[in-house]
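Colleague: coords below, sequence missing:
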């Protein structure tokens, strides 16, 4: 797994918006979606639920985020 993917995931946890996350990383929104889809496949579960234009993290996403934040900050 790439550190960049972890950073994109963590940013999406914060913004809850693929568009804002894409802007923060100077990538396209479809690239954010690809990163999340790949992570969902890797971790065998849905990480975000769509609510209008927002993506709400699932409990699995919140747990991953907590662990990955420790790794990124180390």
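Modeller: It's in. None of the values given here were measured: they were computed from a predicted structure.

Colleague: in the protein, what spans have low per-residue confidence?
Modeller: Judged against pLDDT under 70, the chain has no low-scoring part.

Colleague: mind redoing it with 90?
Modeller: By pLDDT under 90, the low-scoring segments of the chain are 1, 52-54, 71-74.

Colleague: can you give me the strands for it?
Modeller: Using DSSP state E, the strands of the chain run over 48-51, 54-57.

Colleague: Switch those over to JSON lines; also include distance to residue 42.
Modeller: Where you see a C-beta, it was placed from the backbone N, CA and C, and this is true even at glycine. Below are those laid out as JSON lines (distance: least, Cβ to Cβ, whole Å):
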{"stretch": "strand 48-51", "distance to residue 42": "14"}
{"stretch": "strand 54-57", "distance to residue 42": "16"}
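
Colleague: most tightly surrounded among these?
Modeller: Greatest average neighbour count among the strands of the chain goes to strand 54-57 (a mean of 16), per mean count of other Cβ atoms under 10 Å.

Colleague: List the contacts of that strand.
Modeller: Strand 54-57 is contacted by residues 12-13, 16-18, 47-50, 65 when judged by Cβ atoms under 8 Å, 6 or more residues apart in numbering.

Colleague: make it 7 Å
Modeller: 12-13, 16-18, 47-49, 65 (Cβ atoms under 7 Å, 6 or more residues apart in numbering).

Colleague: These into CSV, with extra columns for distance to residue 2?
Modeller: Below are the contacts of strand 54-57 laid out as CSV (distance: Cβ to Cβ, whole Å):
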residue, distance to residue 2
12, 15
13, 17
16, 22
17, 21
18, 18
47, 16
48, 19
49, 24
65, 16
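
Colleague: which of these tops the neighbour count?
Modeller: Within these, neighbour counts (other Cβ atoms under 10 Å) peak at residue 12, which reaches 27 neighbours.

Colleague: excluding its backbone neighbours, what's nearest it?
Modeller: The shortest distance from residue 12 to any residue other than its chain neighbours is 4.6 Å, reached at residue 21 (Cβ to Cβ, 6 or more residues apart in numbering).

Colleague: Since that was my last question, I'll sign off now.
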